[in-house]
Every structure is written in structure tokens, then in C-alpha cells.
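pasting the sequence and the predicted model now:
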Amino acid sequence: MAKVPDYKLLPELSTDITQTCPIEITSGKFAGIVYRYGKISFDETSNGELNVHMEIETIKAPEGFDQNSNHFTQVVGEIFTKIVEEQVESEQVDLEDDVHQDPVDNAWTRDIITKWKQ
């Protein structure tokens, strides 16, 4: 995994308990951009690789910012991975139970980020 930029959670911007906590990237090329994760789903390819699909809602970004650029998508994916790894290491998330939730509900992702910001 590439170096994950610094970031901070902004729970004060959370207006709806069904949404994930907004995150501000505080270092690197995307410093100052604020976003939140939307629906995140996983699927396995025929050769056993896991693909992650995530919707990103940009809350604050400079004029003309392309949230669909490969570099930005990679960065927010790395941040998500770091958040998940920290939750698993701190034993706040049980992947055996939580990952099998309905991906449309997205409760697993919301729970991870909600628990992480506490």
C-alpha cells in the first residue's frame, strides 16, 4: 500500500446517522478535500481477487476537482483500508460477522467509521 496521507474525521459535519462521518485529507496532493463514503460493496472475480466498489460524496473541493480521477480514487481507497485495518486490530470490528451484512444496507461500513470516530 502506498503512503496514506494524513486525514481527520469531522463528526461535527455529520447531519444524518445513516451516513458515514466526513473525512478531511490534511496532507498531500488532496489536502483540504472533504468527502464521505457512500455505498461500498465487494465482489470476487473468477480468479479469486476481491474488487471494492465505493461511492464517494465530495463535500468540499476546489473548483474543477475530478473526484473520479484514478489517483483520488486510490487515495480514498487507501484511507478506507487504513480505517478498516485499525478497527480490526483494535478488535472493534468482527469481519466474520460484519462483512456478511447486506451491501445495500451499508451498515458495516457506517458502523466501522462511526466506531472509529469515537
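Thanks, I have the structure now. Numbers count the residues shown, from 1 in each chain.

list the buried ones in stretch 35-53?
35-37, 40 (16 or more other C-beta atoms under 10 Å). C-beta here means a position set from N, CA and C on the backbone, and glycine is covered the same way.

next up, the contacts around the most centrally placed residue in the chain.
In the chain, the residue lying closest to the centroid (C-alpha atoms, centre = their mean) is Phe80, at 3.7 Å. Counting by C-beta atoms under 8 Å, 6 or more residues apart in numbering, Phe80 touches 37, 40, 52, 54.

which SSE is it in?
helix 70-89 (DSSP states H and E).

okay, buried residues for that helix please.
Here helix 70-89 shows 72, 75-80, 83-84, 87 as buried, counting by 16+ other C-beta under 10 Å.

quick one: the closest residue in space to Asp43 that isn't next to it in sequence from Ile33, how far?
Excluding the flanking residues, the one nearest Asp43 by C-beta to C-beta, 6 or more residues apart in numbering is Asn51, at 5.3 Å. Note on Asn51: its distance to Ile33, by C-beta to C-beta, to the nearest Å, is 24 Å.

ditto for Phe72
8 Å.

give me the common contacts of the two.
In contact with both Phe72 and Ile33: no residue, using C-beta under 8 Å, 6+ apart.

circling back to that earlier point, pLDDT at the residue nearest to the centre of the chain, what is it?
pLDDT for Phe80: 91.

what stretches of this structure score poorly on pLDDT?
Per-residue confidence for the chain (pLDDT under 70) gives these ranges: 1-2, 91-118.
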